[in-house]
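Participant: quick check, what structure comes out for this input:
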Amino acid sequence: MLEIRNIFKSYGNLRVLDDVSLSVSEKEIVTIVGPSGAGKTTLLQIAGTLDRPDSGRVIYDGVDVGGMKDRRLSEFRNRQIGFIFQFHQLMPEFTALENAAMPALIAGDSRKAAFAKAEELLGLLGLGDRLRHKPSEMSGGERQRTAIARALVNSPRVVFADEPTGSLDSRNRDEIRRLIADLRDRLGQTFVVVTHDPTVAAIADRVVNMADGRIVTPPPAC
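Facilitator: Okay, the predicted model is just below:
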């Protein structure tokens, strides 16, 4: 479903990604792990079309998205890709329902349709009684679940998550980890997750190790 081929990326004289290739299958959970500075987040941003590589290809269902103009690429991203970040990045002036519906509204869905999809997802994530609450009125776990609903509202082909449990306490980390696994099983959702959390890596179908801008094979366990 997603192929990343021979990606190079530098910022000035610093090479961040060095000939990285990766494929992701539909309904797969892939976690990307490695030390800080390994290039994990940069790879996620390029795979998610938030940034462009210096060279290499990002291919969705056989279509090389690198050739898309900015407007078409933005439309593709909105419809086909969801994002979850370490910090929820909800808009504080809007309710959980409004935040979760926002990508569908941007995509051109009617207010009624967008809110119906958002309400269904928030209910699925256990937030049916928090629809009218603003982020300041919700716990950290509730805010992150709202962010997950926002990522899913357009039924994307893949969700990219960058340290989705990094700002949470242990109870909420466990909750988000279980939700990711459950959403794959119930909705057939594909996830690519950058994480330092071994409990998140443990639910993955495949763990990708990165170091110094490359995908590496980890040493055998002692």
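Participant: the protein: helices as residue ranges?
Facilitator: Under the criterion DSSP state H, helices of the chain are mapped to 40-47, 70-80, 96-106, 111-124, 140-152, 170-187, 198-201.
Participant: save these as CSV, and put in mean pLDDT and distance to Arg214 too.
Facilitator: For glycine as for every other residue, the C-beta is placed from the backbone atoms N, C-alpha and C. Converted to CSV, the helices of the chain look like this (pLDDT from 0 to 100; distance: least, C-beta to C-beta, whole Å):
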stretch, mean pLDDT, distance to Arg214
helix 40-47, 93, 10
helix 70-80, 91, 26
helix 96-106, 95, 33
helix 111-124, 94, 37
helix 140-152, 91, 28
helix 170-187, 83, 26
helix 198-201, 80, 19
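Participant: now do the contacts for Gly166.
Facilitator: Gly166 is in contact with 86, 195-197, counting by C-beta atoms under 8 Å, 6 or more residues apart in numbering.
Participant: go again using 7 Å as the cut-off
Facilitator: Gly166 makes contacts with Gln86, as judged by C-beta atoms under 7 Å, 6 or more residues apart in numbering.
Participant: do you know how far the closest residue to Leu131 other than its chain neighbours is from Ala118?
Facilitator: Nearest non-adjacent residue to Leu131, counting by C-beta to C-beta, 6 or more residues apart in numbering: Leu97, 4.3 Å away. Taking C-beta to C-beta, to the nearest Å as the measure, Leu97 falls 6 Å from Ala118.
Participant: neighbour-wise, which of the two wins?
Facilitator: Ala118 (28 against 21; other C-beta atoms under 10 Å).
Participant: just to revisit the earlier point, just name the most buried of the helices of the chain.
Facilitator: helix 140-152 (a mean of 24; mean count of other C-beta atoms under 10 Å).
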